[in-house]
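Asker: okay, structure incoming, though there's no sequence with it:
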């Protein structure tokens with residue numbers, strides 16, 4: 001790797017109030033450099049764009065420190081080792097890790113574990129699948145449903161954001177485990193895909209009218225909801241709480257409907273929380289990083305489902321690091337169809 005090679009990066013210029021725009025980012029270029037003893041240099045191939053990124057931009061206490069002003073934006077991604085002084089990584093290895101929104105990352109030996117740098121096998125899935133069902137979204141769906149939801153055959157599982165990265169895994173996994181799967185998604189095209197391609201039993205279009213979700217849950221969950229996997233929060237969470245079955249389990253994964261509130265505006269909390277008492281239900285939050293030591297178990301299981309055709313994945317790929325600000329915005333307008341991926345370089 002030539003020391004004259006340049007690395008384009010996207011850095012957080014200022015914290016957003018409401019939705020992030022191009023003004024919140026600074027594009028920089030710096031030399032790539034060579035790895036020190038024990039370190040590796042990775043070329044970014046593709047990056048995962050996730051709703052959680054909006055929360056990482058805010059100041060304040062959370063499950064992970066905020067991205068500092070002037071720092072390269074945090075992002076998980078798949079890359080290729082182009083220089084190595086570490087026996088665990090060879091030039092040409094494909095790896096997953098926290099690569100950041102940049103073309104190259106130099107990972108010192110002492111940061112390899114914290115970075116989560118791990119070799120991956122493209123025989124198990126494509127680069128984009130390693131950012132979807134075999135990556136952080138898939139791990140989120142798997143452990144949220146299996147560990148917190150504790151699905152049993154015959155359960156009715158409802159998942160919001162059903163056409164998104166986490167939602168598509170949750171619904172398909174629920175079906176594999178013998179459950180009924182009901183999705184909630186925005187637009188008829190997404191709902192049709194969720195039912196016809198992914199095999200959900202039904203999908204409710206929340207854009208179909210103000211009572212669409214409430215009426216749809218009444219129709220498709222006549223005996224109530226046993227497991228609700230929440231990716232959106234707000235009014236849809238309230239509608240689900242109103243339809244709980246006895247001993248229901250609610251997984252709080254995210255609240256995309258609330259992420260672009262101005263920093264001074266609190267998230268809208270559930271109004272129907274007393275349904276938890278009436279139905280002896282429980283609501284639990286989950287952060288995927290807590291399950292990192294078991295990722296390999298979920299990857300092995302779901303790679304098998306991909307191989308035998310019981311699970312499908314859909315990725316919405318946007319090309320070019322320069323398009324990052326606008327690509328990220330697609331998550332919050334509902335424009336993306338499937339897991340949103342930023343392609344940085346050819347494989």
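Answerer: All right, it came through fine. Predicted model only: the values in this text are computed from it and were never measured.
Asker: from here on, just use CA atoms for contacts and neighbour counts.
Answerer: OK.
Asker: quick one, helices of the stretch 51-200 of the chain?
Answerer: 52-56, 112-115, 136-143, 165-176, 188-196 (DSSP state H, counting those that start in this stretch).
Asker: and whichever helix or strand comes after the last one, what does it pack onto?
Answerer: Under the assignment DSSP states H and E, the closest C-terminal helix or strand after helix 188-196 is strand 202-205. Here strand 202-205 is seen to pack against strand 180-185, helix 188-196, helix 212-220 when contacts are counted using 3 or more C-alpha pairs under 8 Å, 6 or more residues apart in numbering; DSSP states H and E.
Asker: mind checking the longest helix of the chain?
Answerer: helix 295-308 (DSSP state H).
Asker: where does pLDDT dip in this protein?
Answerer: Low-confidence segments of the chain (pLDDT under 70): 1-4, 256-267.
Asker: ok, for the residue nearest the centre of it, nearest residue in space, not its chain neighbours?
Answerer: Centroid-nearest residue in the chain, with C-alpha atoms, centre = their mean: residue 137, separated by 3.8 Å. Computed as C-alpha to C-alpha, 6 or more residues apart in numbering, the closest residue to residue 137 that is not its neighbour in sequence is residue 166, at 4.8 Å.
Asker: got a list of what that neighbour touches?
Answerer: 132, 133, 137, 138, 140, 141 (C-alpha atoms under 8 Å, 6 or more residues apart in numbering).
Asker: ok, now residue 130?
Answerer: Applying C-alpha under 8 Å, 6+ apart, the residues near residue 130 are residue 78.
Asker: hang on, the earlier thing: verify the stated contact: the residue nearest to the centre of the chain with residue 170.
Answerer: No. In this structure residue 137 lies outside contact range of residue 170 using C-alpha atoms under 8 Å: 9.7 Å.
Asker: tell me which of the helices and strands packed on strand 202-205 is the most buried.
Answerer: Across those, the average number of neighbours (mean count of other C-alpha atoms under 10 Å) peaks for strand 180-185, which reaches a mean of 27.
Asker: pairing partners for it, with directions?
Answerer: Here strand 180-185 is paired, per DSSP bridges, with strand 156-160 (parallel), strand 202-205 (parallel).
Asker: can you state the direction angle for that strand and helix 212-220?
Answerer: Orientation of strand 180-185 against helix 212-220 (axes from the mean of the first three to the mean of the last three C-alpha atoms, to 10 degrees) gives an angle of 170 degrees.
Asker: which residues are contacting strand 180-185?
Answerer: Contact partners of strand 180-185, identified using C-alpha under 8 Å, 6+ apart, comprise 154-163, 167, 171-172, 174-175, 191, 194, 200-206, 213, 220.
Asker: how much space is there between residue 12 and residue 22?
Answerer: From residue 12 across to residue 22, the span is 10 Å (C-alpha to C-alpha, to the nearest Å).
Asker: ok, residue 157 next?
Answerer: Computed as C-alpha to C-alpha, the residue 157 to residue 22 distance reads 38 Å.
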